[in-house]
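How does the following fold in three dimensions:
(chains A and B, ligands or ions: 3)
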Amino acid sequence: MQLEAKIADPAKRSMLLTALYIAQEQYGYLTKEAVERVATRLGLPVADVYSMASFYSLYRVQPTGRYVLQVCEGLSCHLVGGADRLVDYLRKKLGIEVGETTPDGLFTLQTVQCLASCGTSPAIRVNDALYENMTTEKVDELLETLRGYHV
Amino acid sequence: MFERVLTRNFGLPRSESIDTYLASGGYEALRKVLREYTPQQVIDIVTASGLRGRGGAGFPAGRKWAFIPKDPQIEKYVCVNTDEGEPGTFKDRELVEKDPHQVIEGVIIASYAVGAHRAFVYIRGEFFLGVKRWIKAIDDAYAKGFLGKNILGSGFSLDLSVHRGAGAYICGEETALIESLEGKRGQPRKKPPYPASVGLWGKPTLVHNVETLANVPHIINRGAEWYASIGTPKSTGPKIFCVSGHVKNRGIFELPLGVPLREIIYEHAGGMAFDKKLKAVIPGGASTPMLTPDQLDIPMAFETLEGAGTMLGTGAIIVMNEDTCMVDVARRLMRFFAHESCGHCTPCRTGTQRMLALLEDLEHGRGKAEDIACLEEIASKMRGLTFCPMGDAAANPILSSLKLFRDEYEYHVKYKRCAVAA
Ligand SMILES: Cc1cc2nc3c(=O)[nH]c(=O)nc-3n(C[C@H](O)[C@H](O)[C@H](O)COP(=O)(O)O)c2cc1C
Ligand code: SF4
Ligand code: FES
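Ligands and ions are numbered 1, 2, ... in the order given. Next up is the predicted model:
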C-alpha cells in the first residue's frame, strides 16, 4: 500500500486543477474543508494542495463577493484610457478599494493583467463574462443590471 | 491580393460549428493525410513548407516533429498551447472561439505525424468561452469520427481532451505547461532535455501554439510549395497580427509574413487615432524591444526583426502615440512581469519586484538620479541569468525604453513629473 501511494497514478494527480475548480464551485471558495476533501480524494498531502491553490490566481482561498469585477490593467487597455480611469470610477462608485468587497457582499474589485481582449480594450471580466470596449457609462449599466438580479 | 487562409471563415454565421467548417472543405486535409501519406511524408511536407512556430520563438515546426522518437513502443503526446496571456496578444483566442475545428484538424494531423494517440488542449482558465468552444468542437469531431478509435477507418486512433489552467501566465511556457498538466505548480523545467524527448509524464511531447497548428491543414491541402511562396524565404506563410493601442482600427489582421510594419499600421489598422504622431511600436508582444517611427519600413518577419534588435514574437503590435509616457509604459509592463513571475528563481522574482518599485517611484516623482542606473543594472544583469526566458522578457522593455527614451526617465527625476504631460 505504501509503495502504491509512492508510485501513484500520474494521471490521477493531473485531476488536481479540475478537482479544485469543482470544490471551489461547491464551497464558494477553497475553504479548509474543501481543500482537505480534495487532498483525501486524490491521496495527496493537504499542504501540497494548498500550495497549488496559492500558486494559481483563479483559486480563491478567501470569500469574495457575488460578482468579482476584474479590470484589466495591461498596457493595451491602459493606452486607450482603461485601467486607471475605470478602477478609479469603480472605487468611488462602490466605495471600496482594490481587493475589497462591498458590505452587501455583492461586488469585489480586482485588477488583472491581460485578458486577451487588447483589440477591444479596455476590458473587464465579471465572473464568467467578458465586457469589452468599456466606458464609465457601460460600467454604470453593468452594475445596474447585476444589482437588478438581487432586489 | 493576399487571400486570407487562417481567418477565412471568421465572418461566416456560426463560424465555430463543425457544419460551417465542413462546408468550407474542413477535414479534407485529414482524409488526404490518412489515405495518402505516411507519417514521415507529413513531416517532410511540413518541413518543406518552412512553417515556424507562432507561439513566440519561431522554431521550425517540421524540425520539432522530427525530434520526436519514431519508436512505436514509446508513448507520445501532443499539447495545444492555448494559454495566451501576454499583453497585446489576442489571436489564439479568436482562432479558438471562431474556428476551433481548423486547430483540431491540425492537432490530429500533427499527432498522426509524430505517432501520438493522446493529445491535450491546455487552455488558460480565464477563457470561459474558449473552454466551451473547445469542448463542443471536440465532441462534434468525435461524433463525426475525426477523433477516437480508428479515425475514418484508417486504423489511426487519437483521444483529445481539454485541460483548464487556473490563472498563471508562466503556464504558457512549454515545460511549465507540462508541469501544470501533471497537476503541479506551473514552474518551468530545466532544458535540455526538451519536451520532444522528455515531456509529459516523462514521455516525448510535442507542444504547439494554436496558430501554428491552424496552418497545418492548409499546408496539406495546398502543398508545401504554395505555403513557402507566401512570406519571405525564412519566414513563410500567413500570420495573424494583433494590433492594439493608438490606431484607428484595432484588431487582428491576417497578412503574409514580411509585410512592412508601416502597411499594417497605416493601411490595415487605419493609421493613428485622432491623427496624433507615432512615437514607438512594440512589434511582437510585451517582451519585445521597441521600434521607432524611422523603422516603419521593416518587414514583419522573424529574421528582419531580429536584425533590427527586436523580435517577431507573437506578432502583437502595440502602437503608442506622442502623448505616451515611456516610463509609464515600462511600469505597466513591469507590473505584468512582476505579477506573473513564477518565483522559482531569484533574479526574476526579486529583479522584477525591484524594477517595479523603482519605476513606481520614478513615475510618482520620487525617483533619484541613481535609480535610472540601478534599473539599467538590474535589467542587464538579469538578461541571460534567469531560469527561463521570462526573465529576459522582463528586462527587454526596460533596456529598450532606456536606450530610446532615456531623456524621459531623466525628466521624471529632474521635474518629478512626466515630459509628455508637461
Ligand atoms: C514565459 C513564456 C510564456 C509563454 N506563453 C506562451 C503562450 O501563452 N502560448 C504559446 O503558444 N506559447 C507560449 N510560449 C512559448 C512556448 O514555450 C512554446 O515555445 C510554444 O508553445 C511552442 O509552440 P510553437 O512552436 O507552435 O510556437 C511562452 C514562452 C515563455 C517563455
Ligand atoms: S525566470 Fe521568472 S518565470 Fe522563469 S523560472 Fe525564473 S522566476 Fe519563474
Ligand atoms: S491588455 Fe487588457 S486585454 Fe490585453
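
Return the residues of the stretch 1-150 of chain B in contact with chain A.
Contact residues (CB under 8 Å from any CB of the partner chain) of the stretch 1-150 of chain B with chain A: B:84-90, B:92-93, B:124-129. Backbone N, C-alpha and C define where each C-beta goes, glycine included.

Now, of these, which are buried?
B:84-90, B:92-93, B:124-128 (16 or more other CB atoms under 10 Å in any protein chain shown).

Among those residues, find me the one that's closest to residue B:305.
residue B:88 (14.6 Å; CB to CB).

hang on, the earlier thing: among the residues of the stretch 1-150 of chain B next to chain A, which lie within strands?
Judged by DSSP state E, strands contain none of those.

coming back round to it: out of the buried ones among the residues of the stretch 1-150 of chain B next to chain A, list just those in helices.
B:92, B:93, B:128 (DSSP state H).

which among these gets closest to residue B:262?
residue B:92 (25.7 Å).

correct me, but the closest one touches residue B:84?
Yes. With contact defined as CB atoms under 8 Å, residue B:92 reaches residue B:84; the gap is 4.3 Å.

Pull out the buried positions in the helix or strand that contains residue A:89.
According to DSSP states H and E, residue A:89 maps onto helix A:83-94. Buried positions in helix A:83-94, judged by neighbour count with 16+ other CB under 10 Å: A:83, A:85, A:86, A:87, A:89, A:90, A:94.

Residues touching it, excluding its own?
Defining contact as CB atoms under 8 Å, 6 or more residues apart in numbering or on different chains, one finds that helix A:83-94 is touched by A:69, A:71-74, A:77-78, A:97-98, A:102, A:107, A:109, A:111, A:122, A:124, A:134, A:136, A:139-140, A:143.

Please indicate which of the residues you listed are buried?
A:69, A:71-74, A:77-78, A:107, A:109, A:111, A:122, A:124, A:134, A:139, A:143.

OK, contacts around residue 44?
Unless you meant another one, I'm taking chain A. A:13, A:16, A:38.

Actually, chain B is the one I wanted.
residue B:62 are the contacts of residue B:44 under CB under 8 Å, 6+ apart.

Contact residues of the stretch 51-200 of chain B facing ligand 1?
Remark: the part of the stretch 51-200 of chain B in contact with ligand 1 comprises B:53-57, B:59, B:81, B:83-85, B:170, B:172-174, using CB under 6 Å from any ligand atom.

Can you flag the buried ones in those?
Using 16+ other CB under 10 Å, the buried members of these are B:53, B:54, B:55, B:56, B:81, B:83, B:84, B:85, B:170, B:172, B:173, B:174.

now the fourth one: how far from residue B:315?
Spelled out, that is residue B:56. 9 Å (CB to CB, to the nearest Å).

center of the chain, which residue is that?
Reading this off chain A. residue A:58 (4.6 Å; CA atoms, centre = their mean).

Let me rephrase: I mean chain B.
residue B:55 (3.0 Å).

who's in contact with the residue lying closest to residue B:59 once chain neighbours are set aside?
Using CB to CB, 6 or more residues apart in numbering or on different chains and skipping the chain neighbours, the partner closest in space to residue B:59 is residue B:53 (4.9 Å). Going by CB under 8 Å, 6+ apart, residue B:53 touches B:59, B:60, B:61, B:64, B:208, B:209, B:212.

residues in chain A within reach of ligand 3, list them.
So chain A meets ligand 3 at A:72, A:74, A:75, A:76, A:77, A:114, A:115, A:116, A:117, A:118, A:121, A:123 (CB under 6 Å from any ligand atom).

The residues you listed in helices, which ones?
A:75, A:76, A:77.

Tell me, how many residues neighbour the residue in chain A positioned nearest to ligand 2?
Ligand 2 sits closest to residue A:55 of chain A, with a gap of 11.2 Å, by CB to the nearest ligand atom. When counting by other CB atoms under 10 Å in any protein chain shown, one arrives at 20 neighbours for residue A:55.

So it versus residue B:180, what's the distance?
9 Å.

Touching both of the two, which residues are there?
Contacts common to residue A:55 and residue B:180, judged by CB under 8 Å, 6+ apart, are B:168, B:186.

if we can go back for a sec, for chain B, state which of the buried residues of helix A:83-94 is nearest.
Chain B lies nearest to residue A:83 out of the buried residues of helix A:83-94, by CB to the nearest CB, at 8.1 Å.

quick one: the closest one from residue B:342, how far?
24 Å.

What pLDDT is listed against the closest residue to ligand 3 within chain A?
Nearest residue of chain A to ligand 3, counting by CB to the nearest ligand atom: residue A:74, 2.5 Å away. pLDDT recorded at residue A:74 is 95.

contacting residues around it?
A:83, A:113, A:114, A:115, A:118, A:121, B:87, B:88, B:332, B:336.

Quick check on the nearest residue to the last one once chain neighbours are set aside: phi, psi?
What it means is residue B:336. Sequence neighbours aside, residue A:113 is the residue nearest to residue B:336 in space, at 4.8 Å (criterion: CB to CB, 6+ apart). Note on residue A:113: backbone dihedrals following degrees, to the nearest 10 are phi -90, psi -170.

What about residue A:113, how many residues nearby?
Count around residue A:113 with other CB under 10 Å applied: 24.

Equivalent analysis for residue B:75, please.
Quick note: residue B:75 (other CB under 10 Å) scores 16 neighbours.

same deal with residue B:193?
That count, for residue B:193 with other CB under 10 Å as the rule, works out to 13.

Mind telling me what element it is part of?
Using DSSP H and E, no helix or strand contains residue B:193.

Next, give phi and psi for it.
According to degrees, to the nearest 10, residue B:193 has phi -70, psi 140.

From residue B:179, how far off is it?
14 Å.

what's the distance between residue B:319 and chain A?
8 Å (CB to the nearest CB, to the nearest Å).

Could you check how far that residue is from ligand 2?
27 Å (CB to the nearest ligand atom, to the nearest Å).

Give the partner strands of whichever strand or helix holds that residue in its sheet and their orientations.
Using DSSP H and E, residue B:319 sits within strand B:316-321. Strand B:316-321 has its sheet partners listed here by DSSP bridges as strand B:238-245 (parallel), strand B:278-282 (antiparallel).

how about the helix or strand just after that strand: buried residues?
Next in sequence after strand B:316-321, counting helices and strands by DSSP H and E, comes helix B:326-340. For helix B:326-340, the neighbour count (16+ other CB under 10 Å) marks B:326-340 as buried.

One more: stretch B:38-56?
Neighbour-count burial for stretch B:38-56 [16+ other CB under 10 Å]: B:39, B:42-56.

do the same with stretch B:21-38
Result for stretch B:21-38 [16+ other CB under 10 Å]: buried residues B:21, B:26, B:27, B:29, B:30, B:33, B:34, B:37.

And the strand or helix carrying the fourth one, how far out from the chain middle?
If you go by DSSP H and E, residue B:29 is part of helix B:28-36. Taking CA atoms, centre = their mean, to the nearest Å, the mean C-alpha location of helix B:28-36 is offset from the chain mean by 28 Å.

How about stretch B:409-422?
On CA atoms, centre = their mean, the centre of stretch B:409-422 falls 34 Å from that of its chain.

is any part of it close to chain A?
No. Residues of stretch B:409-422 contacting chain A under CB under 8 Å from any CB: none, with a closest distance of 12.7 Å.

circling back to that earlier point, of the buried ones among the residues of the stretch 1-150 of chain B next to chain A, which fall within the contact range of ligand 3?
residue B:87.

hmm, which two among the buried ones among the residues of the stretch 1-150 of chain B next to chain A are most spread apart?
The widest separation within these (CB to CB) is 21.2 Å, between B:88 and B:128.

Enumerate every residue touching the nearest residue to residue B:2 once chain neighbours are set aside.
Leaving aside its sequence neighbours, residue B:2 sits nearest to residue B:256 (CB to CB, 6+ apart; 5.5 Å). Each residue near residue B:256 by CB under 8 Å, 6+ apart is listed here: B:2, B:230, B:231, B:237, B:238, B:239.
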